[in-house]
Every structure is written in C-alpha cells, then in structure tokens.
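[1] Quick one: sequence plus predicted model below, questions after.
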Amino acid sequence: MKELRQIRDAVTAALRAEGLAAEAAFPGKWAAERKTALATVSVGAAEGRALGLGGYLGETRGDDGQVREVYGKHLEGVISVDVRAERAAVCEEAAETAAAALLGKLPEGIRPGELSWEALAWEKQTGLFLRRGSLKCEALFLAERGDQETEFLDFVLKGVLRSEQSA
C-alpha cells in the first residue's frame, strides 16, 4: 500500500531532520554494526476510509488554470519506532529525540495521537540496547483527477511535497 510507505518515509525524514539516524524497519544484521543510535520505522495496523461522498472533496484550480476534482482518504494507524544503540544512555537520548519529532515535527498530513514507549531492554540478537515506541496517528491523503475523466493521480500525504520520483 503506497500510503503506508508514504507515512513511513515522512516519519523517517522527520527523525533524520532532528539529527537521528533513521531507516525503514527490520534492519537486520547491519544495526549491530552501527556506532551511533539508529531508529527503525514501520507502519503497523492501519485502517482507511474515503473522505466525503466516494472520497470527493470538491474542486481546485491547478497552476495551468484547469479545474480538477479533489479526492481524500483518511487512514488511522500505528507507527512503530525502534531505537537501538550500544549504550543505554545513548539509546534513551535518541528515544527522547524521536519522541519530540513524532509529537511535533511530522508533516501536517499526519496528526499524532497517543505515543507510548516500552522500557529500555537489552536485545540479545543484536547486542544493543532497545527502546520500542509506538504512535497512534491519523493521516490525510489527497488526490486529483487528471485532465482525462478516467485518469486518477496517486494519493499523496497532505503536507508532503511530491518529488519527481513519487510522481
């Protein structure tokens, strides 16, 4: 589901913007080889629904002057952030940085809800300290119908600029 990947990528970018090394979840063996704290991000359970009647939100005028129909989609989900580090203090500090980013630095299309963290633990598999966090959130996606009646552009997370790669 493209929308879940967009949420994951937006959260990863927000964590990186705060100076925390962050990657998509399931780091595998390479997590143990890092010398700095690392946050891994995934989107767990998600539930979506269309906004408006059939997702229809109204019309907008594009840069080219053409009127386009706008559609919306709403997702509720849980973002999982696992922070790993060689030292407990570094892991705790990275988790604090992650918490600040999750609650105040996400794009406008992601509305944070309840944030919870498990206790700091030693992960035998990686040989690192681990702090698991989860954020309940809501995400809003928008799409426009293209010039042709049947052309539907991808839903894009509100507040995230569309790059050439995602277009």
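    Okay, I see it. Residues are numbered from 1 along each chain as shown.

[2] Report the secondary structure state of the residue of the chain most remote from its centre.
    Relative to the C-alpha centroid of the chain, counting by CA atoms, centre = their mean, Gly65 is the outermost residue, at 32.0 Å. Classification of Gly65 by DSSP: H, G, I helix; E, B strand; the rest coil places it in coil.

[3] mind listing the helices for this structure?
    Ranges of helices in the chain, per DSSP state H, are 2-17, 88-104.

[4] weakest of the ones you listed by average pLDDT?
    Averaged per stretch, pLDDT over those is lowest on helix 2-17, reaching a mean of 91.

[5] Mind listing what's buried along that one?
    3-4, 6-15 (16 or more other CB atoms under 10 Å). Backbone N, C-alpha and C define where each C-beta goes, glycine included.

[6] likewise stretch 39-47?
    39-43, 46.

[7] Which residues are in contact with Leu102?
    Residues in contact with Leu102 (CB atoms under 8 Å, 6 or more residues apart in numbering) are 11, 14, 79, 81, 112, 115, 133, 135.

[8] can you tell me how far Phe9 sits from Ala121?
    Quick fix: residue 9 is Asp, not Phe. 27 Å (CB to CB, to the nearest Å).

[9] rewinding a little: show me which pair in the buried residues of helix 2-17 is furthest apart.
    Largest separation among the buried residues of helix 2-17 by CB to CB: Glu3 and Leu15, giving 19.1 Å.

[10] quick one on the thing from earlier: what is the nearest of the buried residues of stretch 39-47 to Glu23?
    The closest of those, once distances to Glu23 are taken by CB to CB, is Thr40, at 5.7 Å.

[11] The lowest-mean-pLDDT helix or strand in the chain pairs with which strands, and in what direction?
    Ranking every helix and strand in the chain by mean pLDDT, DSSP states H and E puts strand 156-157 at the bottom, with a mean of 74. If you go by DSSP bridges, strand 156-157 pairs up with strand 128-144 (antiparallel).
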